[in-house]
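1. I'd like to go over a predicted model; first the sequence, then the structure.
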Amino acid sequence: MPGGRLTQQERRQIALGLVDGLAYAEIARRLDRPTSTVTREVMRNGGPTGYRADLAHHATERRAHRRRQPTPRGPQVPPQAHGRDPEAVREYEETFTVVLMQSGTPRMMARVLACLCMSDSGSLTASELVRRLEVSPASVSKAVAFLDSQGLIRRERDERRRERYVVDDDVWYQSMIASARGTLQVAEIARQGVGVLGTGTPAAARLENIARFLDYISESITRAADQAREVLHTKPEGAPGGTTGPRAEQG
C-alpha cells in the first residue's frame, strides 16, 4: 500500500470518483489507500460536493510550506495533553470544522464549536478561544452569540468571574430534537397545502406524501435520540466509574 502524501493525479481520481457517486471506500480501494485518507482529504477540502482536485493540491502545498517555516517567537500554543500529536490534532480539528460547515454551520461558528468539543474540559473563555483560533475577540463574540442562540452552547461564570462557554454533553441530543421539530413543522405546512391545492390533485398528493414522509422521519429521529441519549453521558472506558456504555436499543 503506497504511503506519503496524495499526488495531484490521485486527487483528480478522487474528484472523478465523487462525480461518479462512488463511496469513499471504493475510491480508496482503487487508489490502494486507506479509506480514512480519502475521507480526510475530501472533508478538509470542500466536502463531497465542493471538492476540487487542483485547489486541494494547492491547499496541501500551502500547509506543508507553513509547517516548514521556522517557529515564530512569542506566545506559543500550549503543549497537547495526554501525549497527543499537535499536528494530528490540528488536522483533525480542520476536518471536524469542515464537517460542521457541510451540515450548515457558518465557518467561524463551526470553528468555535469544534474547538469547544475537542477541549477536555468542554469549556473555554473568550480569551482562550481567541488564542487557540488566532482570531479577533469580535469574531469569537459573534460566533458565541450564534451558538448560544441555537442552544449549542451555554454560558457560565467561573471562580474568577470570567465568562466561560460550555458545550454540554446533551448538546447533540438537543440539536437532534430541534431538527426533528423543524422537520415536523415542514410536514405540517406541507399538509396545509393539501386543502389549498385540492384533495386528489397531483400537487396535493405530492404534498401529502411529503408530509407523511417527514412525519415518519421526525418521529424516528425523536425516538432514536431518546433511546440513545444515555450514551452522551457515558464516561470513557478506563475513567473512574467508566463503562463501555449502553448499546442502542434494537427494534
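-> All right, it came through fine.
2. any regions of the stretch 101-250 of the chain where pLDDT drops low?
-> Scanning the stretch 101-250 of the chain for pLDDT under 70 picks out the ranges 236-250.
3. recalculate using a threshold of 80.
-> 102-104, 151, 158-159, 169, 235-250 (pLDDT under 80).
4. could you chop this protein up by domain?
-> 9-59, 95-166, 171-233 (automatic domain parsing).
5. can you put those in a markdown table and add mean neighbour count?
-> Every C-beta, even on glycine, is put in place using the N, C-alpha and C of the backbone. Below are these laid out as a markdown table (neighbours: other Cβ atoms under 10 Å):
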| stretch | mean neighbour count |
| --- | --- |
| domain 9-59 | 17 |
| domain 95-166 | 16 |
| domain 171-233 | 15 |
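6. so can I have CSV of those showing distance to Ala81?
-> CSV is the format used below for the domains of the chain (distance: least, Cβ to Cβ, whole Å):
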stretch, distance to Ala81
domain 9-59, 22
domain 95-166, 6
domain 171-233, 22
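7. OK, contacts around Gln174?
-> If you count contacts by Cβ atoms under 8 Å, 6 or more residues apart in numbering, Gln174 has them with 151-152, 168.
8. now, which of those sits nearest Pro34?
-> Leu152 (31.6 Å; Cβ to Cβ).
9. not counting sequence-adjacent ones, nearest residue to that closest one?
-> With Cβ to Cβ, 6 or more residues apart in numbering as the criterion, Leu152 has its nearest non-adjacent residue at 5.6 Å, and that residue is Val171.
10. and what of Leu116?
-> Nearest to Leu116 is Val167, by Cβ to Cβ, 6+ apart, at 4.2 Å.
11. neighbours of that neighbour, how many?
-> 23 (other Cβ atoms under 10 Å).
12. pretty sure it contacts Leu113?
-> Yes: using Cβ atoms under 8 Å, Val167 makes contact with Leu113 at a distance of 6.9 Å.
13. now Val112: how far from Gln185?
-> 27 Å (Cβ to Cβ, to the nearest Å).
14. which residues touch the residue nearest to Leu152?
-> Here Val171 is in contact with 151-153 (criterion: Cβ under 8 Å, 6+ apart).
15. list just the nearest of those residues to Glu208.
-> Nearest to Glu208 among the contacts of Val171, counting by Cβ to Cβ, is Gly151 at 31.7 Å.
16. fine by me, thanks again.
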